[in-house]
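In: dropping the sequence and predicted coords here.
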Amino acid sequence: MSMLRKTVRKAVIPAAGLGTRFLPATKAMPKEMLPVVDAPAIQYVVEEAVSANLTDILMITGRSKRALEDHFDGAPALERTLELKGDQTRLDAVQYSSGLGPIHYVRQGEPKGLGHAVLCARQHVGDEPFAVLLGDDLIDERDELLTTMMRVQAETGGSVIALIEVEPSQISAYGCADVVSVEGENYVRVNSLVEKPDANEAPSNLAIIGRYVLHPSVFEVLENTEPGRGGEIQLTDALQTLATADGVGGGVYGVVFRGRRYDTGDKLSYLKAVITLASDRAEFGEDLKNWMKGFLA
């Protein structure tokens, strides 16, 4: 089977970060377990992977991340208690998270950057394209992104990144893509990537967000990528190399996402995400919006 025709089956979810921006809440709890309404942020990410028919999920974890494994495991004592109480709604919710699919775990060992975290997946992924989903970006389940990126990867045979349009004044907070349109296609070709450029030097207002569909050739590049910004192995540096590479696995493409994305990466963005998603909930969304009107008044 040619590399072009291999179907993306595997998802890699890096979850080894220390979550220092949320201290002291993350002193003893992984940042990925912070609740977004009534489910931890990491559950939304796993649900997205499952919805895209990714049947094999690998989570890259680190020290103090045991709660992640426990969350997606069965909880017989808790389930039995809920069953005896006749609390079927909560029982279903508990069993749902443990039934999301086979999830495997690998420890990163030490935090050497996103590129190193992806490299930790090499043995599990093998020689096939794969998706990478970062937990700081939650994509609304009503909007399509990952499946589009997978189609583009199959068509191009390269690697695919997700992009959003931001205000030019905000681009310095993101990785930025210099792109050229591809005639007749709903994706762009990436010429180069710039990490957090000054607003007046940015090649575009297209910011990179935390979804990737990568050709396995990225592993070889990461092996030979020197530590970059912050002394870490940066995935962006490896993608920069692939963007100008010829041959199998060469080329990086971008899908511009215009749907609903919720950023949980810092405290203010996290609070906005919780409020936005809670406002959509049938059971209390209207009550919350009415309360907010009074609070703001």
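Out: Nice, I can see it. Numbering: from 1, shown residues only.
In: going forward, measure contacts and count neighbours with C-alpha atoms only.
Out: Fine.
In: give me the local confidence score for Met1.
Out: Looking at Met1, its pLDDT reads 36.
In: in the stretch 1-150 of the chain, what spans have low per-residue confidence?
Out: 1-5 (pLDDT under 70).
In: the strands in it, which residues?
Out: Counting by DSSP state E, counting those that start in this stretch, one finds strands in the stretch 1-150 of the chain at the ranges 10-14, 35-36, 39-40, 56-61, 103-107, 130-133, 137-139.
In: for Asp280, which of these is the nearest?
Out: strand 35-36 (12.6 Å; Cα to Cα).
In: on contacts alone, who are the packing partners of the closest one?
Out: helix 267-279 (3 or more Cα pairs under 8 Å, 6 or more residues apart in numbering; DSSP states H and E).
In: in CSV, list the strands of the stretch 1-150 of the chain along with mean neighbour count and distance to Gln123.
Out: Formatted as CSV, the strands of the stretch 1-150 of the chain follow (neighbours: other Cα atoms under 10 Å; distance: least, Cα to Cα, whole Å):
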stretch, mean neighbour count, distance to Gln123
strand 10-14, 26, 12
strand 35-36, 17, 32
strand 39-40, 14, 28
strand 56-61, 22, 11
strand 103-107, 16, 10
strand 130-133, 24, 12
strand 137-139, 21, 26
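In: redo the ones you listed as a markdown table? Include distance to Ile233.
Out: Shown next, in a markdown table, are the strands of the stretch 1-150 of the chain (distance: least, Cα to Cα, whole Å):
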| stretch | distance to Ile233 |
| --- | --- |
| strand 10-14 | 14 |
| strand 35-36 | 29 |
| strand 39-40 | 28 |
| strand 56-61 | 15 |
| strand 103-107 | 16 |
| strand 130-133 | 16 |
| strand 137-139 | 21 |
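In: so which of these gets nearest Tyr96?
Out: Here strand 39-40 is closest among the strands of the stretch 1-150 of the chain (Cα to Cα), at 11.1 Å.
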